[in-house]
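1. sequence plus the predicted model coming up.
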Amino acid sequence: MSNRITPEIRALVGRKHGPYRVRVEQGAIEKFADAIGDDNPAYRGIDAIAPPTFPTTFRPGDAYPDLPPDFGDVGLHASQVYEVERPIRAGDELDVSFTIVDITEKSGRTGDLVFVEREYEFTDARDGSRAGGGKWVSLRRFRN
Amino acid sequence: MSYKQGDALPELVKAPVSRMQLVKYAGASGDFNPIHYDDEAARAGGLEGVIAHGMLSMGFLGQFVETTFGAGSYKRLEVRFQGMVKLGEVITCRGVVTDIAQENGREYAACEIEAVDSDGRVVTAGRAQAWLD
């Protein structure tokens, strides 16, 4: 196995990003449900709740800790977890943060794979209670 | 509808995945990775052509869970992206109840779930938990 994980890459483990605040908007929920092709009325209107995977819209911006952009030939999504303490709703303000918890390497059929595992937390900005969280594992593929 | 351990969930069959859907999903989700709408960018990354966002197939599974157990019922979703979804694929979501459990006095269903493509190949699979009340 080659060693893609240099000390500089390894140093990303433990890096935290955020918290950054997001406001959950009715229109964003509706567009998200539309894109999935989900016409459930619960995801529409002023009292809309968000579909389960809506937190993927809580984008961290450009300056978050990550592998260098040119690291590997293509970036892909390996696995994802979302969990909630209660439904996310239009009007919610959430403080979102994530931490890189691990970086691992595997030799795949088509080349080396490097995985970055991040854990999320979503906190209700009004009372500090936990709204939910998750895990995001991405990978970079090196072609042989 | 009440569920018990071992019950199969009613399948959800999605419309074929189109480039328009991927463009809409890119805009709605904020994931503008060009491998999801630009064939040239996808080929540069070693793919045959554009592939759907993995998160779109997870979105289908989210729809499946909340169609089955009710909007707002989802507690946890956990998936692995195992296969790529190409344009025109018809994705079917299916699952089975593996346990009925309790947390803080509330009952929830634990399920194994998967999204399969037109050839029956599993593209995204994992587990879901949904409140039953």
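-> Looks like it arrived, so ask away. These numbers come from a predicted model, not from an experiment.
2. hmm, stretch A:53-67 in reach of chain B?
-> Yes: between stretch A:53-67 and chain B, judged by C-beta under 8 Å from any C-beta of the partner chain, the touching residues are A:53, A:56-57, A:59. The C-beta positions use only the backbone N, C-alpha and C, and glycine is treated the same way.
3. filter these down to the buried ones, ChimeraX style.
-> The following ChimeraX command selects only the buried members of the residues of stretch A:53-67 next to chain B, with burial defined by 16 or more other C-beta atoms under 10 Å in any protein chain shown:
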select /A:53,56,57
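4. out of the residues of stretch A:53-67 next to chain B, flag the one nearest to residue A:47.
-> Within those, distances to residue A:47 taken as C-beta to C-beta reach their minimum at residue A:57, with 18.7 Å.
5. how about the contacts made by that closest one?
-> The contact partners of residue A:57, by C-beta atoms under 8 Å, 6 or more residues apart in numbering or on different chains, come to A:22, A:28, A:32, B:28-30.
6. which residues in chain B form helices?
-> B:19-29, B:39-44, B:54-69 (DSSP state H).
7. equivalent analysis for chain A, please.
-> Taking DSSP H as the criterion, chain A carries its helices at A:7-10, A:26-36.
8. returning to that earlier point: from the residues of stretch A:53-67 next to chain B, which is closest to residue A:126?
-> Proximity of the residues of stretch A:53-67 next to chain B to residue A:126 was ranked by C-beta to C-beta; the top entry is residue A:57 with 19.8 Å.
9. what's the closest non-adjacent residue to residue A:88?
-> The shortest distance from residue A:88 to any residue that is not its chain neighbour, by C-beta to C-beta, 6 or more residues apart in numbering or on different chains, is 4.1 Å, and that residue is residue A:50.
10. tally of neighbours for that neighbour?
-> 25 (other C-beta atoms under 10 Å in any protein chain shown).
11. please tell me how far it sits from residue A:122.
-> As for residue A:50, its distance to residue A:122 is 11 Å (criterion: C-beta to C-beta, to the nearest Å).
12. name the residues contacting each of those two.
-> Common neighbours of residue A:50 and residue A:122, counting by C-beta under 8 Å, 6+ apart, are residue A:88.
13. need the buried ones from the contacts of residue A:57 selected in ChimeraX.
-> Selection of buried members from the contacts of residue A:57 for ChimeraX, criterion 16+ other C-beta under 10 Å:
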select /A:22,28,32 /B:28,29
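14. which residues does residue 97 form a beta bridge with?
-> I'll assume chain A. Residues in a beta bridge with residue A:97, per DSSP bridges, are residue A:121.
15. was after chain B, sorry
-> Here residue B:97 sits in beta bridges with residue B:111, going by DSSP bridges.
16. surely it meets residue B:2?
-> No: with contact defined as C-beta atoms under 8 Å, residue B:97 does not reach residue B:2; the gap is 10.4 Å.
17. quick check on the two: which one has the bigger neighbour count.
-> Comparing residue B:97 with residue B:2 by other C-beta under 10 Å, the one with more neighbours is residue B:97, at 19 against 8.
18. ok, now how distant is the more buried one from residue B:111?
-> Counting by C-beta to C-beta, the gap from residue B:97 to residue B:111 is 5 Å.
19. identify the contacts common to the two.
-> Among the neighbours of residue B:97, those also in contact with residue B:111 (C-beta under 8 Å, 6+ apart) are residue B:9.
20. can I get the residues of stretch A:53-67 next to chain B in CSV with distance to residue A:103 and pLDDT?
-> Putting the residues of stretch A:53-67 next to chain B into CSV (distance: C-beta to C-beta, whole Å; pLDDT from 0 to 100) gives the following:
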residue, distance to residue A:103, pLDDT
A:53, 24, 98
A:56, 21, 96
A:57, 25, 97
A:59, 21, 90
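21. hmm, back to that, which of the helices of chain A is buried the deepest?
-> With neighbours taken as mean count of other C-beta atoms under 10 Å in any protein chain shown, those reach their highest mean count in helix A:26-36, at a mean of 19.
22. that one and chain B, are they touching?
-> Yes: in terms of C-beta under 8 Å from any C-beta, part of helix A:26-36 sits within range of chain B, namely A:28, A:31-32, A:34-36.
23. run through who's touching that helix.
-> Residues from elsewhere that reach helix A:26-36, judged by C-beta under 8 Å, 6+ apart: A:39-40, A:43-46, A:48-51, A:53-54, A:57, A:90-91, B:21, B:24-25, B:27-29, B:56, B:59-60, B:62-63.
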